[in-house]
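Engineer: Here is a sequence with its predicted model. Questions after.
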Amino acid sequence: MAGRPIEAVVRTDTLLGRADDLLHHGRAGQAAHLLAPVVGEEPGNVEAWLLLARARLALHRPAEALDAARAALRLEPRGVEPLYWVSAAYTATGRHDLAVSAATTACAEDPGNPRLFERHGRALLAAGRVAEAVEVLAIAVELAYYDADLHVAHGVALFAAGRPLSARDAYGQALRLEPGHPRAETELRRLAAAERRIVDATSLVRVTDDFAESLRVPAGGVQPVPVGRGVLGHLASVVFAVCLVAALALGVLDRFTTVPVPMPLIAAMLCGAGSAACVTLLARRT
């Protein structure tokens, strides 16, 4: 940014700070909108590209996130932050070998960085390589024993590997390091719910395998249901319920009272319920 007017530098820094704040408060759409003109005007701004990658990942747009992360990596070919977000974006697109490779390179660039260890472990879990994830994260928590996030990731890997008691110990260690740690508490609740379904060796294998599968990201990435489709499905289910209840009520009136009920009205309610049911099923298909 050498040679740029100080006002332009201050304006960019202000915009980037605002975008980072928006991301921390879960307003990724506004952050992406704010960042798009910044990278257009300053294509050499690594921080802007990385913030845009984060925003696009939060918006479940992994291919676009990967484009932004790659742009940052071209500017800083060995930068650990670009490598981190390239790995995260590759994971989100289901391109696991590349995700693991980028994470491994980042770890080599900054040995001992717990955040990079965690990214490596989670990339392996998303690829279904649970045993490798346990091994990587076990070494990581020995080296960076002070990092609560890393202990949580280790616990997740242990549970996926069929070791719920060890997972509980890992989450407990995270909470001892950081009381009230949100992710540790969330994972503990999830573990407790799963343990209620474990009654023998067979159910242990089934529950932990299901958990491991829930961590996997399929090739091509997870395809979210469009927001509009979700709203349509909800409205259609409401219409279905209303029409069905109305048809039943009209049938009761016709059968048990002297109130005249036009048969075409009952037929219309049943047709409405049937149509709404079809729309609901179509809207929920992925």
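Structural biologist: Cool, got the structure. Numbers count the residues shown, from 1 in each chain.
Engineer: so where does residue 12 fall, helix or strand?
Structural biologist: helix 6-24 (DSSP states H and E).
Engineer: Give me the residues contacting that helix.
Structural biologist: 1, 28, 30-31, 34-35, 38, 42, 45, 47-48, 51, 54-55, 58 (Cβ atoms under 8 Å, 6 or more residues apart in numbering). C-betas here are computed from N, CA, C, even on glycine.
Engineer: at 7 Å instead, please
Structural biologist: 1, 30-31, 34-35, 38, 42, 45, 47-48, 51, 54-55, 58 (Cβ atoms under 7 Å, 6 or more residues apart in numbering).
Engineer: neighbours around residue 189, how many?
Structural biologist: Neighbour count for residue 189, taken as other Cβ atoms under 10 Å: 11.
Engineer: Three-state assignment for it, please.
Structural biologist: Secondary structure, DSSP: H, G, I helix; E, B strand; the rest coil: residue 189 is helix.
Engineer: Repeat that for residue 198.
Structural biologist: Once three-state DSSP is applied, residue 198 turns out coil.
Engineer: Please compute how far the helix holding residue 12 lies from its chain's middle.
Structural biologist: Computed by Cα atoms, centre = their mean, to the nearest Å, the chain-centroid distance of helix 6-24 equals 26 Å.
Engineer: any idea of the mean pLDDT for stretch 204-215?
Structural biologist: For stretch 204-215, mean pLDDT rounds to 96.
Engineer: what does it rub up against?
Structural biologist: With Cβ under 7 Å, 6+ apart as the criterion, stretch 204-215 contacts 125, 126, 130, 159, 160, 162, 164, 194, 197, 198.
Engineer: Check the offset of it from the chain's centre.
Structural biologist: Distance, centroid of stretch 204-215 to centroid of chain: 18 Å (Cα atoms, centre = their mean).
Engineer: Any quick PyMOL command for the buried ones out of the contacts of helix 6-24?
Structural biologist: Only the buried entries of the contacts of helix 6-24 go into this PyMOL selection, using 16 or more other Cβ atoms under 10 Å:
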select buried, resi 31+34+35+38+42+45+47+48+51+54+55+58
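Engineer: From the contacts of helix 6-24, which land in strands?
Structural biologist: Using DSSP state E, the subset of the contacts of helix 6-24 located in strands is empty.
Engineer: of all the contacts of helix 6-24, which comes closest to residue 177?
Structural biologist: residue 54 (25.1 Å; Cβ to Cβ).
Engineer: residues in contact with that closest one?
Structural biologist: Per Cβ under 7 Å, 6+ apart, neighbours of residue 54: 23, 85.
Engineer: Show the pLDDT at it.
Structural biologist: At residue 54 the predicted local confidence, pLDDT, stands at 95.
Engineer: got it, and the one 5 residues further on?
Structural biologist: The predicted local confidence for residue 59 comes out at a pLDDT of 94.
Engineer: quick one: it and residue 23, what's the gap?
Structural biologist: Noted for residue 59: a distance of 11 Å to residue 23, by Cβ to Cβ, to the nearest Å.
Engineer: and these two? which has more neighbours close in?
Structural biologist: Between residue 59 and residue 23, counted using other Cβ under 10 Å, the more crowded position is residue 23 (19 against 15).
Engineer: Against residue 51, how distant is that one?
Structural biologist: 7 Å.
Engineer: shared neighbours, the two?
Structural biologist: With Cβ under 7 Å, 6+ apart, residue 23 and residue 51 have common neighbours residue 31.
Engineer: I figured residue 114 was touching residue 147, is that so?
Structural biologist: Yes - between residue 114 and residue 147 there is a contact at 3.8 Å, judged by Cβ atoms under 7 Å.
Engineer: ok, now which ones touch the residue nearest to residue 220 when sequence neighbours are not counted?
Structural biologist: Of all residues not flanking residue 220 in the chain, residue 94 sits nearest, at 5.1 Å (Cβ to Cβ, 6 or more residues apart in numbering). By Cβ under 7 Å, 6+ apart, the contact set of residue 94 is 217, 218, 219, 220, 221.
Engineer: What subset of these is buried?
Structural biologist: So, by 16+ other Cβ under 10 Å, the buried ones in the contacts of residue 94 are 217, 221.
Engineer: Same list as before, the contacts of residue 94 that is, but in CSV and with distance to residue 12 and secondary structure included.
Structural biologist: Formatted as CSV, those follow (distance: Cβ to Cβ, whole Å; DSSP: H, G, I helix; E, B strand; the rest coil):
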residue, distance to residue 12, secondary structure
217, 34, coil
218, 38, coil
219, 38, coil
220, 35, coil
221, 31, coil
